[in-house]
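1. Okay, here's the prediction I keep looking at, along with the sequence it came from:
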Amino acid sequence: MKQSQLFTKTHKEAPADDIAKNAKLLVRAGFVDKLQAGVYTYLPLGLRVLKKIENIIREEMNTARGQEILMPSLQPKENWQTTGRWDTMDDLYKVSDASGRENALGPTHEEIVVPLVKQFVSSYRDLPFATYQFQNKFRMELRAKSGILRGREFIMKDMYSFHRDEEDMIAYYETMKGVYARVFERVGIGATTFLTFASGGSFAKYSHEFQTVTSAGEDTIYICDKCRVAVNNEIIEEQKHACPQCGEKNLRTETSVEVGNIFELKTRFSAPFDLTYKDEEGKDRTVVMGCYGIGLGRVFGTVVEVLGDDKGLVWPRSISPFAVHLVEIGNTDDATVHDEAQRLYDELLNKGVEVLWDDRNLRAGEKFAESDLIGIPLRIVVSSKTLSSDTFEVKDRATGEVSMLSWEELLAVCKKQ
RNA sequence: CGGGGUGUAGUAUAUCGGUAGUACGUCUGCUUUGGGAGCAGAUAGGCCGAGUUCGAUUCUCGGCACCCCGACCA
C-alpha cells in the first residue's frame, strides 16, 4: 500500500490524559481511535494487526477441531433468565426496544450457544465437538482503563466444547492449554506469558489463565520458573505461596495482564437449558462443557506494552501490518529515486511481500521518525545514496541494526516468518 | 460504585472578572531534503446548564465527559 493514500495520519504528540503506553502509541501511530472510554475504532493499520492476530487464533482453533460460527450480540432476556444471570451479572448491558422487549448485549455467549447446540445434539455419537467465534462483546465496566486493555466493547474469541463426561472434557481442556500457549508464542509474547492457576468461580477448583508479564497489567502473579507456571494472587492464600505443580515455595512476583483464560464449565450452563444426550443405554445424560476465551484487543495492546519502545511500536513479523516499510527519500529532484522505489515496490508485491511504501514527498527525518513509530519490522531505504549500489539498505526496527543486502537476501528476510 | 484530578483550536498548552495567545497539525506559496527543517500568509477554540456580576472562559452550584487510585472483573 502507498502511504500517500492512507487516510489516517500519525501524530507527533500523544493525547495528554492517557497514561497507558498502548493507548499513547496506538493513537499516535494512527492504529486506533478512541470514540469513548473503553471503546475504540480500529483504523487501517490497526485492523491489519487485529486480523493477523485473529487469523493466528483461527488457525490454532481449527487445529483443535473447532468449528467457526458467528452468534448475535442482541440476545433475548429469556435466555439470560434461564441461567439466572439476567439479575446477577452486574456488567450486563440491557437494552429495550419501543415495545418494551428487553435484550442483553452479549458479554459472553453461553446463553446462546447452549440452546443452539441443543438443536443438534441428541446422541453420544454427536459428541464431542467444539465451536468458536470472533465477536464483539459488551461489558459495562465501571472503569474502562489502560487503553485497549480493558474496554466496554471488545472483540473476543470464545470457544465452547461439548463432551459426554468430565474425563473427556478435561482431556480436551488439557490440549487447549498447549493450543493457547502456541497462540501466544506466535503473536510474539510467548517468552513473557505464563499458564496461571486462578480461581475457578463456581465451576471448578481452578481455572487457568494466560498471564503476560507487563507493568501495564492489573493482576499480580507468582511465577515458578522451574515449571513455567504461575499462581494468581486471587488464590494465593489457599495455595500458600507454593507452586501447584512442584510445590516450590520460592516464587517470583510479577505484575501481569490476563490475555486468555480457559474454564471447566461442566454442567453450569448445559443443565439449566437441559442440554442432554442419550448414552449407549439410551439414558439421558447432561452434556459437559468447557470454554476458552482470548481477548483480541487485550492481546493487541499487550504486544504493544511488551515490545514497544521509546520511539514507537515494534511489531513481531507475525502480526505486523506490513512485512516491510519501503521508504524513499530525496525524491524531489531525482525521479530515478522514485522510479527505483516503484520498481522495488512492484517486485516485492510480485513476490507476495506485504509492503507499505512511503512515497510521500517529505523530509527524511520526518519519514524515519514516522517509520519507527509505526514499527514495521523491516525498513528499506531508497535514496540517491543507495541507487549507486547493487544492495539494499535494510534496518531492523527491533534491534536498530542496519545491513546491506542483495536482492536474494532481501527477499529471504522479507519472507521469513 | 467510593476517592482524587482535569475539561480552552485536530493535538499539546498559556493568560485573564473586560478584544483569548503560543507551538505542532492542516491549507497556500517559496526554500530545504539521511532523523519530526525554515520563511511568509491562512485556518480553527473556552464541555453543557443555572447562578453571582454592568460584564464569566475565569468565581459558585449542578450535570456530563475524560484520566488516575481503589473496589469490581463468568
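-> Thanks, I have it.
2. Let me see the ranges of the helices in the stretch 201-350 of chain A.
-> Along the stretch 201-350 of chain A, the segments classed as helices by DSSP state H, counting those that start in this stretch run A:236-239, A:296-307, A:335-350.
3. Pick the most buried one from those helices.
-> helix A:296-307 (a mean of 26; mean count of other Cβ atoms under 10 Å). C-beta: built from backbone N, CA, C; applies to glycine.
4. From the chain's centroid, how far away is that helix?
-> On the basis of Cα atoms, centre = their mean, to the nearest Å, helix A:296-307 is displaced by 7 Å from the centre of the chain it belongs to.
5. related to what we said a few turns ago, now render the helices of the stretch 201-350 of chain A as JSON lines, adding distance to residue A:74 and mean pLDDT.
-> Shown next, in JSON lines, are those (distance: least, Cβ to Cβ, whole Å; pLDDT from 0 to 100):
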{"stretch": "helix A:236-239", "distance to residue A:74": "40", "mean pLDDT": "72"}
{"stretch": "helix A:296-307", "distance to residue A:74": "21", "mean pLDDT": "96"}
{"stretch": "helix A:335-350", "distance to residue A:74": "41", "mean pLDDT": "93"}
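6. Of all the ones you listed, which one comes closest to RNA strand B?
-> Closest of these to RNA strand B is helix A:335-350, at 9.3 Å (criterion: Cβ to the nearest atom of the strand).
7. hmm, back to that, save the helices of the stretch 201-350 of chain A as JSON lines, and put in distance to RNA strand B too.
-> What follows is the helices of the stretch 201-350 of chain A, written out as JSON lines (distance: least, Cβ to the nearest atom of the strand, whole Å):
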{"stretch": "helix A:236-239", "distance to RNA strand B": "14"}
{"stretch": "helix A:296-307", "distance to RNA strand B": "11"}
{"stretch": "helix A:335-350", "distance to RNA strand B": "9"}
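8. Residue A:50 is nearest to which of those helices?
-> Closest to residue A:50 of the helices of the stretch 201-350 of chain A, according to Cβ to Cβ: helix A:296-307, at 6.0 Å.
9. Check which helix or strand the residue of the stretch 251-400 of chain A found nearest RNA strand B maps to.
-> Across the stretch 251-400 of chain A, the shortest distance to RNA strand B (Cβ to the nearest atom of the strand) belongs to residue A:365, at 2.2 Å. Element membership of residue A:365, judged by DSSP states H and E, is helix A:364-374.
10. Just name whatever secondary elements that helix is in contact with.
-> strand A:324-328, strand A:355-358 (3 or more Cβ pairs under 8 Å, 6 or more residues apart in numbering; DSSP states H and E).
11. same thing but 10 Å
-> Applying 3 or more Cβ pairs under 10 Å, 6 or more residues apart in numbering; DSSP states H and E, one finds that helix A:364-374 contacts helix A:21-28, strand A:324-328, strand A:355-358, strand A:378-382, strand A:392-396.
12. Dump the helices of the stretch 201-350 of chain A to JSON lines, plus distance to residue A:98.
-> Listed next are these as JSON lines, based on distance: least, Cβ to Cβ, whole Å:
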{"stretch": "helix A:236-239", "distance to residue A:98": "50"}
{"stretch": "helix A:296-307", "distance to residue A:98": "32"}
{"stretch": "helix A:335-350", "distance to residue A:98": "51"}
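13. Looking at those helices, which is nearest to residue A:116?
-> helix A:296-307 (22.2 Å).
14. could you give the angle of the closest one to helix A:21-28?
-> Helix A:296-307 runs at 100 degrees relative to helix A:21-28, counting by axes from the mean of the first three to the mean of the last three Cα atoms, to 10 degrees.
15. Return the distance of residue A:121 relative to RNA strand B.
-> 21 Å (Cβ to the nearest atom of the strand, to the nearest Å).
16. show me the contacts for that residue.
-> By Cβ atoms under 10 Å, 6 or more residues apart in numbering, the contact list for residue A:121 reads A:114, A:127, A:129, A:162, A:270, A:275-278, A:287.
17. top of the residues you listed by neighbour count?
-> Counting neighbours by other Cβ atoms under 10 Å, residue A:287 leads these with 28 neighbours.
18. wait, that residue sits on residue A:114?
-> Yes: distance between residue A:287 and residue A:114: 8.4 Å, which falls inside the contact criterion (Cβ atoms under 10 Å).
19. Overlap in contacts, the two.
-> A:121, A:162, A:269-271, A:273-275.
20. Out of those residues, which sit inside strands?
-> Counting by DSSP state E, these place residue A:162 in strands.
21. Dump the shared contacts of residue A:287 and residue A:114 to TSV, plus distance to residue A:398 and pLDDT.
-> TSV is the format used below for the shared contacts of residue A:287 and residue A:114 (distance: Cβ to Cβ, whole Å; pLDDT from 0 to 100):
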residue	distance to residue A:398	pLDDT
A:121	48	97
A:162	42	98
A:269	43	96
A:270	46	97
A:271	50	97
A:273	49	97
A:274	53	97
A:275	48	98
